[in-house]
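Enquirer: Okay, structure incoming, though there's no sequence with it:
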């Protein structure tokens, strides 16, 4: 009888231990699950927070450009002609402002001719010297003693050395030539009716013997026919 009681006591003790172990395992598992969930939530919060801190421009994907077999032709842009270049006038010389009404009715081709002869004859000379060469050509156009167009005046035989030797054809007008043309078109005229000019020298020439001397500008002297 005593053995049976001891057996019952031991069995119940084992059962209690088993129950306690089961409870302990359940509690441990619950704690582990809760800890995992908390860790997962914390991790998710950190990820979300880090995403919110990324600047908007960083998240923009770089566009992918797909190459085509036929390249797109590049448009050719032709610049519109710009206004005539300007420069500060030398002290004492006239200042031309804006785009006044032309003093001469000249075609685009005639203006180009004046620019080229001024460059060919007066490269490195002052602005008024270039303007005066243009005015010599225009004074000849207005004179009954010479042809009546800019082109005919320039190409009259043996009249302009640069036209004869080819320098005129190669001339590329600079900004100062354009400024000189603006002076002329604005009505500036200090030519005193000059229809000739030549390099200034200190000896007698055909010009000094046969024409009326007017003045010298830069390296050129200007003349007109005697009255």
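Expert: Noted; the coordinates are in hand. The structure displayed is predicted, hence computed values, not measured ones.
Enquirer: domain parsing for this protein?
Expert: Annotated domains of the chain cover 2-57, 108-225 [automatic domain parsing].
Enquirer: Comparing these, which yields the minimum mean pLDDT?
Expert: Per-stretch mean pLDDT for those is lowest at domain 2-57 (a mean of 60).
Enquirer: re earlier: format the domains of the chain as a markdown table; extra columns: mean neighbour count.
Expert: No exception for glycine: its C-beta is placed from N, CA and C like everyone else's. Shown next, in a markdown table, are the domains of the chain (neighbours: other C-beta atoms under 10 Å):
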| stretch | mean neighbour count |
| --- | --- |
| domain 2-57 | 9 |
| domain 108-225 | 18 |
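Enquirer: how about the helices in this protein?
Expert: All helices of the chain, identified by DSSP state H, fall at 2-53, 108-122, 127-142, 150-154, 161-165, 167-170, 175-185, 206-210.
Enquirer: now for the second one, which elements pack on it?
Expert: Under the contact definition 3 or more C-beta pairs under 8 Å, 6 or more residues apart in numbering; DSSP states H and E, helix 108-122 sits against helix 127-142, helix 150-154, helix 161-165, helix 167-170, helix 175-185.
Enquirer: next one: the last one
Expert: Packed against helix 206-210 by the contact rule (3+ C-beta pairs under 8 Å, 6+ apart) you find strand 220-225.
Enquirer: Walk me through which strands the strand it packs on pairs with, and which way each runs.
Expert: The pairing partners recorded for strand 220-225 under DSSP bridges are strand 196-199 (antiparallel), strand 211-217 (antiparallel).
Enquirer: And the nearest residue to residue 210 once chain neighbours are set aside, how far from residue 164?
Expert: Using C-beta to C-beta, 6 or more residues apart in numbering and skipping residues adjacent in sequence, the residue nearest residue 210 is residue 226, 7.6 Å away. Per C-beta to C-beta, to the nearest Å, residue 226 is found 25 Å from residue 164.
Enquirer: who's in contact with residue 156?
Expert: 146-147 (C-beta atoms under 8 Å, 6 or more residues apart in numbering).
Enquirer: Phi and psi next, for it.
Expert: Phi and psi for residue 156, reported as degrees, to the nearest 10, are phi -60, psi 140.
Enquirer: Over to residue 186?
Expert: In terms of degrees, to the nearest 10, the main-chain angles of residue 186 are phi -80, psi -10.
Enquirer: do residue 125 as well
Expert: Backbone torsions of residue 125, given as degrees, to the nearest 10, read phi -90, psi 170.
Enquirer: right, and it touches residue 199 too?
Expert: No - shown here, residue 125 and residue 199 do not form a contact pair, counting by C-beta atoms under 8 Å, at 10.9 Å.
Enquirer: residues contacting the residue lying closest to residue 122 once chain neighbours are set aside?
Expert: Of all residues not flanking residue 122 in the chain, residue 130 sits nearest, at 4.5 Å (C-beta to C-beta, 6+ apart). Listed by C-beta under 8 Å, 6+ apart, the contact set of residue 130 reads 118-119, 122, 176-177, 180.
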